[in-house]
Every structure is written in structure tokens, then in C-alpha cells.
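Just a sequence and a predicted model for now, questions to come.
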Amino acid sequence: MGNRKSFYLTEGVKTNLIFQRIIWPLSGILLFEICYLFSLFISPFSTFKLILFAILGLVSGDWARKKNQSNKSKKRILALRNDFPYFAEYLALCVTAGLSPVMSIKKILENDLSDSFSKVLFSELNQFLSEIHDGKSTTFALDELAKRINIPEIYRFVDALIVTMERGTPLASVLRQQAVDLREAQRREFLDLGNKAELKMMVPVVFLILPVSILFALWPSLYQLNQMSAF
């Protein structure tokens, strides 16, 4: 049953990707052709322009699809980086209390991540548990989880967890240290986002507000010089 469910999910994702690759370019073509129809009020019909607008719509639609996917990917990564440190801390706490990693993840999903705003990590961990229920080993399911998330610091966390489980060393101390490392990585990420936001805020100041301010300051002097040169 679990394998069949995973198969249907995979097929659903593939179908959605194919649908997105078709619908976005078609929407672009439709939009540009509508613009061309409006342009017929001021210019005669031209087959060349009709084909040109269709090509522009195709290219623009595909670009919009890639941009949309990129934005979704960025939001997904940000949500995972925001939620995963909390998950790592709760996992360390549950393992310290004597629960196994799988039971700890079940408890976290039931009590802490069920109301998660992003739901991204919640769905990934649910898929991890479904693979465990399908009979796959914990290390294999963890490795698949890291591959799906594909974020360096989370990959390191999962690798450390797998190595610790294979060696039979105590998990609690390793998980606590990994949670601290994830918090530090999250702090650096937020600092980078803040720096990027500051740079974006400087663009309108430097290229719009500052030139206008200089123009207003110099305009009276330039006007008087222009009047004096006229005499």
C-alpha cells in the first residue's frame, strides 16, 4: 500500500511538471497574441508580426515558469532552514528522554510540527516515516530525506546522525551539538538576508532619491545662471 502511494505521488509530481511546462508557454502565447490583436487597431495585419508575437509569448511564458519555480524553491529552502533547527532541538530532547530516533520523529510530528506554518518539513518527515513503514532501513530513509531536502547544513546533520547510529555511539550529545550548529547556520543565513535587503534598499536611494535631491538643490543656481547668460 505504501509503495503504491509513493508511486502515485511520484506520478502526480511528474504530471504536474509536464502540465506546468505546457500551460506557462501557452499562457504567454495567448497573452501576447491578445496584445497583437489590440495592435491591429493602429496597424494592418502582418503574418510576420503574428509569428513574432507568438515566439515572444513562448519565450516569456517559459521564462515566467522558471522564475516561478525558482521563487518556490527559495521559499521552500527558507522554510526548511527556519523549521529544521527547532526539529533538531526537539529530536535531541526526545532522544535524551530515551526514545528512539523514529519514535522521536513521530512524537515531534504529532505534537510540534502538526501546526507548522510552512508544512514543508512536516511533509518531508511524513514521507520519511512512510518509507520506514514500507520496510526500508532507518539509515536509508534518512539518506533519502537528506537527498530530497538537499541543503548543506541539513545534509551534514543527517550524515552525522547516520554515522552515530551505525557506530552505536550515544545520540543525545551528537544531536545537541548538531542543533547548535544548525542554529549558527540559521543566524548566518538571516544576517546574509539582512545584508542583501540593505543593498536592495540602497538601489532606489542611490539611483532615484539622491539624483532628484541633487537636482532640486542645484536647480535654482542653474536657473539663475541660465537667466544671466540670456542677458
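Structure received. This is a predicted model, so every value here is computed, not measured. Numbering: from 1, shown residues only.

Quick check: the gap between the residue nearest the centre of the chain and residue 95.
By Cα atoms, centre = their mean, the chain has its centre lying nearest to residue 74, at 1.9 Å. Distance from residue 74 to residue 95, counting by Cβ to Cβ, to the nearest Å: 32 Å. (Glycine included, C-beta is placed from N, CA and C.)

re earlier: helices and strands around whichever strand or helix holds the residue nearest to the centre of the chain, which ones?
Assigned by DSSP states H and E, residue 74 belongs to helix 47-96. Contacts defined by 3 or more Cβ pairs under 8 Å, 6 or more residues apart in numbering; DSSP states H and E place helix 47-96 against helix 2-39, helix 101-111, helix 120-133, helix 152-167, helix 171-204.

run the last query once more with 10 Å
Counting by 3 or more Cβ pairs under 10 Å, 6 or more residues apart in numbering; DSSP states H and E, the packing neighbours recorded for helix 47-96 are helix 2-39, helix 101-111, helix 120-133, helix 138-149, helix 152-167, helix 171-204.

Show me how far that helix is from its chain's centre.
Counting by Cα atoms, centre = their mean, to the nearest Å, helix 47-96 is centred 5 Å from the centre of its parent chain.

try stretch 212-221
With Cα atoms, centre = their mean, you get 43 Å for stretch 212-221.

Take that stretch, keep the C-alpha atoms, and write them as CSV.
Extracted in CSV, the C-alpha atoms of stretch 212-221 (Å, rounded to 0.1, in the frame of the first residue of the first chain):
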residue,chain,number,x,y,z
VAL,A,212,16.4,64.0,-7.5
SER,A,213,17.6,65.7,-4.3
ILE,A,214,20.8,66.9,-6.1
LEU,A,215,18.6,68.2,-9.0
PHE,A,216,16.3,70.2,-6.6
ALA,A,217,19.4,71.6,-4.8
LEU,A,218,21.1,72.7,-8.0
TRP,A,219,18.1,73.8,-9.9
PRO,A,220,17.8,77.4,-8.5
SER,A,221,21.5,78.1,-9.3
